[in-house]
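Undergrad: Fold the stuff below for me.
(2 chains)
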Amino acid sequence: MNDQIRQVIREHAHLSVDVDSLGDDADLYQAGMTSHASVNVMIALEDTFDVEFLDSMLKRSVFESVDSISTALQEVGVPA
Amino acid sequence: MSVAALAGDRALVEAARRTAAEVAAPNADEVDRDARFPRESVDAMRDAGMLSSLVPAKLGGGGASFSAAAEACFELGRSCGASAMVLAMHQIQIGCMVNHLEGSPWFEEYLREVVAEQRLIASITSEVGTGGDLGKSVAAVSEPADGSASFEKQAPTVSYGDYADAFLTTVRRSPDAEGGDQVLVLTKRDQMEMEPQGTWDPLGMRGTCSPGYVARAKFPTEQILTDPFSQISNESMTPLSHVLWSHVWLGIATDAFDRARAFVRAAAKRKPGEPLPAAIRLSELMSELSLLRAEVGLALEEYCRLIADDRAKLSEMATILRFNNLKIAASEQAPVVCQGAMAVGGIVAYKNDTPFSVGRHLRDSMSACLMVANERIHKTDASLLLIAKEV
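TA: Presented below is the predicted three-dimensional model:
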């Protein structure tokens, strides 16, 4: 799953560094992801994994790293 | 709510009413005409201890609620928009510190100083080169040396920048931090150099005296709030700004409505029993004012509930949308009410020197759509609407 997450980040997060240079726990916002870009990451994740995030999950902290995104996807039913 | 908190609330609202009637109202026209700071209003707030009303009682403050702060802004707004906006902005800065000081000894001590000295606090959030996005900074905190750091920031507007005792400023966390990786720093005037830029001769809210500055500061690093600004913004600065500003605008609109009503009553007394077209227009105007009052009141209730019991929800996109929408709706509706009041009174309301004048109200209310431009907020909301579910 993390490879697919990384692919979404690569295409939509507009990081100032290569996502492959970051660990799974690295802060994506500190790596240059803007609020606007994070929304595009969320939409792409919903599309890629065919899920919908709950409103309670739609906040900055849930999408701040590959790890936290992976946890969120598992919460909405994506197998680890 | 505790007895002490209720006492703090009552003290604040009563002091605001008194200041509004006795000091702000008699000076409002002169403050507006001369674009001068409402010094006597702020002195009266100091004398009444209003500048520390939101500081918790355990730090010596008034321990008042955000509800009471909002009501105080509304009451002052009915008399002088500029005085009310200065109070609102100060309360926002205090609210940010109170909500996010996290037991920091420095900030606790500073809030005690606010209580003792009735310090007035301004903010330096807007910045040249960010396209109006408060979630982005160009200026950065320098690498600390011996526990001390510095910044230099070019701000296009700093409200009451010449009159504040201290400033809360958004800056990037470090010289190599991304634009959105911001912190909030409190600096005192004697730690700063404020170099004025440009003039201040605007359409409305003239007494807020908000020209641009280049702000330079050198300060101990303990004056940086620990919580990241993204969190402070979501939980405190943005929703609290929108709630308190909109109470100021509601106050301005309410006074415009009251003046229109006084005009209609005077006309009715002159010609009892005769048809009065202005009375119908006044009745129509009341429904516009009710819409504004409902939106503003509901948002205040929601904010008070969330900050007390469900703080994490303030960071959810649906909630961010809600408080952004408050700002847009209230800033668009307040001038509608003021313009309607002018239509009721006709030439008598249009003239600047009658008891029914609403020119100042209309001009003051038109600043609302620029305080964080509605266009910029719509851009954010347009993006959030793509992903938020229940809005």
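Undergrad: Let me see the ranges of the helices in the chain.
TA: Went with chain A since none was named. A:2-12, A:35-49, A:66-75 (DSSP state H).
Undergrad: Sorry, I should have been clearer: chain B.
TA: Going by DSSP H, chain B shows helices at B:3-19, B:25-34, B:39-47, B:66-77, B:81-100, B:105-117, B:229-232, B:238-270, B:277-309, B:317-345, B:347-350, B:359-365, B:374-385.
Undergrad: want to throw the helices of chain A into a markdown table with distance to residue B:317?
TA: To be clear about C-beta, it is placed using only N, CA and C from the backbone, and glycine gets the same treatment. What follows is those, written out as a markdown table (distance: least, CB to CB, whole Å):
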| stretch | distance to residue B:317 |
| --- | --- |
| helix A:2-12 | 16 |
| helix A:35-49 | 8 |
| helix A:66-75 | 13 |
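Undergrad: Tell me which residues touch the residue nearest to residue B:162 when sequence neighbours are not counted, please.
TA: Nearest-residue entry for residue B:162: residue B:209, 6.4 Å, with adjacent residues in sequence omitted and distances by CB to CB, 6 or more residues apart in numbering or on different chains. By CB atoms under 8 Å, 6 or more residues apart in numbering or on different chains, the residues touching residue B:209 are B:35-37, B:159-163, B:200.
Undergrad: Throw together a ChimeraX command that grabs the buried residues out of the residues you listed.
TA: Buried residues among these (16 or more other CB atoms under 10 Å in any protein chain shown), as a ChimeraX selection:
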select /B:35,37,159,160,161,163,200
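Undergrad: and of the contacts of residue B:209, the nearest to chain A?
TA: Relative to chain A, the closest of the contacts of residue B:209 is residue B:159; by CB to the nearest CB it sits at 25.1 Å.
Undergrad: buried sites along stretch B:322-330?
TA: Buried positions in stretch B:322-330, judged by neighbour count with 16+ other CB under 10 Å: B:322-330.
Undergrad: Identify all contacting residues around it.
TA: With CB under 8 Å, 6+ apart as the contact definition, stretch B:322-330 has outside contacts at B:238-239, B:241-243, B:245-246, B:249-250, B:292, B:295-296, B:299, B:302-303, B:368, B:372, B:374, B:377-378, B:380-381, B:391.
Undergrad: low-scoring stretches of the stretch 201-350 of chain B, by residue?
TA: Along the stretch 201-350 of chain B, no part satisfies pLDDT under 70.
Undergrad: With chain A instead?
TA: Nowhere does chain A drop to pLDDT under 70.
Undergrad: For it, list the residues in contact with chain B, please.
TA: Residues of chain A lying near chain B by CB under 8 Å from any CB of the partner chain: A:16, A:29-32, A:34-36, A:39, A:42-43, A:46, A:52-56, A:58-61.
Undergrad: Try it again at 6 Å.
TA: Residues of chain A lying close to chain B (CB under 6 Å from any CB of the partner chain) are A:30, A:32, A:34, A:36, A:39, A:42-43, A:55, A:58-60.
Undergrad: Any chance of those residues in TSV with neighbour count as columns?
TA: Formatted as TSV, these follow (neighbours: other CB atoms under 10 Å in any protein chain shown):
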residue	neighbour count
A:30	18
A:32	17
A:34	18
A:36	15
A:39	22
A:42	24
A:43	16
A:55	17
A:58	23
A:59	21
A:60	21
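Undergrad: Report the two of those residues separated the most.
TA: Greatest spatial distance in the residues of chain A next to chain B: A:32 and A:55, 26.0 Å, computed using CB to CB.
Undergrad: before we move on, the earlier item: whichever of the contacts of stretch B:322-330 end up buried, select them in PyMOL.
TA: Filtering the contacts of stretch B:322-330 down to the buried ones (16+ other CB under 10 Å) takes a single PyMOL command:
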select buried, chain B and resi 238+239+241+242+243+245+246+249+250+292+295+296+299+302+303+368+372+374+377+380+381
